[in-house]
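1. Predicted coordinates and the sequence they were generated for:
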Amino acid sequence: MSYSTEINQLVSEGSKLYASKDYELASEKYGKACEEYSNEHEGEEDGDLLFLYGKALYQNGVSKSEVLGGVRGANGQDGDEEKQDGEGEEDAEGEDKFQFYDAEPIEGEIEGEGAEPAEGEKNGETSADGTTEDGSEDEQDQEGDEEGQEPGDLEMAWMILDATRAVFEKQIESATKPTQSPPYISNETALIEDEYVKLLKKLSETYDILGEVSLEMENFPQSAQDLNKSLDLRLELYPSDSPLVSESHYKLALALEFCVEDEGDDAGESRKKAAQHIKSAIKSTEARNKKETDETKRKDNEQMIGELKEKYQDLIKDPNEQLQQDQLDIMKGILGSDAAGANAGQAIINNLTSIVKKKGAEGSSSSSKSATTTSAPKVVNDLSGLVKKRKQNSDPNASKKARK
């Protein structure tokens, strides 16, 4: 789509700033380009411009965030790459209409925030601690505070990209689907002429970054939902051995791994799904590597396959076994055990068992026998109970002496 001279200038400046990793100024340029386009087209929005804006906001948010950092794809590339101007962006209409957040506040919403209420405006007087006479909090002040808070870069990025998604989906509805069967694109560098395929590609990229934004904000269920949609679209667009398909499987696995199970669900169901997607990423990369002729790329693929296989083994491992191993490692550090390898756990158990026997000498022989034959977590629990019991029976003077 052709833009006015002013919009082209803003996009050019934004692209240069983005390339130099000045994401904050880049997002300002892209935001102004979106605003100018909306003014020129009677409130309509352009998906490509919105995508650039949302992508820059996301990168700016990631650069400021210390939560997860940038998500890296299975191909070792940053989860978000600078794409050519106008590629992969969208806009919203109808209920999802995009609006700018630098507009003037609506009269009566923010003005007067924090001012003292006039006499008779409330049923009860507000005390110094912010509560009314009947002890309830001043809800009106709280609502005013919330209205005064602007969304951060990541929240804004998600809203902009979600608006972009809505625009592309609406455009796809009116586009003519090609007669050929999927996959529509033979490789990532192939020239795309079909309008439907172009929109499908842009939509897949939008869902991909939406998933990354939610991943950065630790909204893992939403991230998994968007990344799953991106994977479905990429499987429609590209062969199964495409690097983008491998990457989508990896990212989706990452989101699923951290999804919290709802009560009633099978334990570890999301973890199992994550393992399957890692397995699919391995198959995709192995199939691609069989056709690879560049020796450097082959070595990179082999290294990536090795890392994915390690990740798969971690995911299929019983979390309870891992927890027990972590507990043993902690106790090993506490006891200073020199045991290593497979004998480390048993050495700790023996050490704990001897302690339980010594400190529980006044107990019955049967309890001592039980401590000897029990598993490591049970031994730790027995020892914990014994310590609690001794604290209750000890006299204050003895306790003082022990601390000296």
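-> Cool, the structure landed.
2. so what's residue 287 up against?
-> Residues near residue 287 by Cβ atoms under 8 Å, 6 or more residues apart in numbering: 240, 241. Bear in mind the C-beta positions are built from the backbone N, C-alpha and C, glycine included.
3. nearest spatial neighbour of residue 221, skipping sequence neighbours?
-> Distances taken as Cβ to Cβ, 6 or more residues apart in numbering place residue 259 nearest to residue 221, at 5.6 Å, with adjacent residues excluded.
4. taking the mean pLDDT, what do you get for the helix or strand hosting residue 206?
-> Under the criterion of DSSP states H and E, residue 206 resides in helix 195-216. Taken as a whole, helix 195-216 has a mean pLDDT of 97.
5. next structured bit after it?
-> Where DSSP H and E defines the elements, the next helix or strand beyond helix 195-216 is helix 220-237.
6. which outside residues touch the next helix or strand after that following helix?
-> Next along the chain after helix 220-237, taking DSSP H and E as the criterion, comes helix 243-257. Contacting residues not belonging to helix 243-257 are listed as 71, 73-75, 77, 79, 188, 208, 211-212, 214-215, 220, 223-224, 227-228, 230-231, 234-235, 238-239, 270-271, 273-275, 277-278, 280-281, 284-285, 288, 308, 311, 315 [Cβ under 8 Å, 6+ apart].
7. If we use 7 Å, what do you get?
-> Where contact means Cβ atoms under 7 Å, 6 or more residues apart in numbering, the residues beyond helix 243-257 that reach it are 71, 73-75, 188, 211, 215, 220, 223-224, 227-228, 230-231, 234-235, 238, 270-271, 273-274, 277-278, 280-281, 284-285, 288, 315.
8. out of those, which are buried?
-> 71, 73-75, 211, 215, 220, 223-224, 227-228, 230-231, 234-235, 238, 270-271, 273-274, 277-278, 280-281, 284-285, 288, 315 (16 or more other Cβ atoms under 10 Å).
9. shaky segments in the stretch 51-200 of the chain?
-> 66-148 (pLDDT under 70).
10. per-domain residue ranges of the chain.
-> Domain ranges of the chain: 5-100+151-317, 320-403, per automatic domain parsing.
11. and the shortest one, average pLDDT?
-> Same thing as domain 320-403. 52.
12. ok, how many other residues are close to the residue nearest to residue 221?
-> 18 (other Cβ atoms under 10 Å).
13. any idea whether it is helix, strand or coil?
-> Classification of residue 259 using DSSP: H, G, I helix; E, B strand; the rest coil returns coil.
14. what does the model give it for pLDDT?
-> Listed pLDDT for residue 259 reads 88.
15. is it true that it touches residue 224?
-> Yes - judged on Cβ atoms under 7 Å, residue 259 makes contact with residue 224 at a distance of 5.9 Å.
16. Just give the number of residues close to residue 305.
-> There are 17 residues near residue 305, going by other Cβ under 10 Å.
17. That one sits in which helix or strand?
-> helix 295-316.
18. That helix vs helix 243-257, what angle?
-> Angle of helix 295-316 versus helix 243-257, following axes from the mean of the first three to the mean of the last three Cα atoms, to 10 degrees, is 20 degrees.
19. List the buried residues in helix 295-316.
-> Result for helix 295-316 [16+ other Cβ under 10 Å]: buried residues 300, 301, 304, 305, 308, 311, 312, 315.
20. Check which helices and strands that helix is in contact with.
-> For helix 295-316, the packing partners by 3 or more Cβ pairs under 7 Å, 6 or more residues apart in numbering; DSSP states H and E come out as helix 269-291.
21. do that again at 8 Å, thanks
-> helix 243-257, helix 269-291 (3 or more Cβ pairs under 8 Å, 6 or more residues apart in numbering; DSSP states H and E).
22. what does it contact?
-> Against helix 295-316 from outside (Cβ under 8 Å, 6+ apart): 74-76, 250, 253, 257, 271-272, 274-275, 278-279, 281-282, 285-286, 288-289, 292.
23. One more pass at 10 Å, please.
-> 74-76, 243, 246, 249-250, 253-254, 256-257, 268, 271-286, 288-290, 292, 294, 322 (Cβ atoms under 10 Å, 6 or more residues apart in numbering).
24. any idea of the mean pLDDT in that helix?
-> 95.
25. so that helix versus helix 269-291, what angle?
-> Angle, helix 295-316 to helix 269-291, by the same axes, to 10 degrees: 160 degrees.
26. Start at 869, not 1
-> Right, with 869 as the first residue, what we last looked at is helix 1163-1184.
27. Could I get the buried residue list for the helix or strand harbouring residue 918?
-> Element membership for residue 918 (DSSP H and E) is helix 915-932. Buried residues in helix 915-932, counting neighbours by 16+ other Cβ under 10 Å, are found at 915-930.
28. of those residues, closest to residue 1061?
-> residue 916 (17.2 Å; Cβ to Cβ).
29. is it true that the closest one touches residue 871?
-> Yes - judged on Cβ atoms under 10 Å, residue 916 makes contact with residue 871 at a distance of 9.2 Å.
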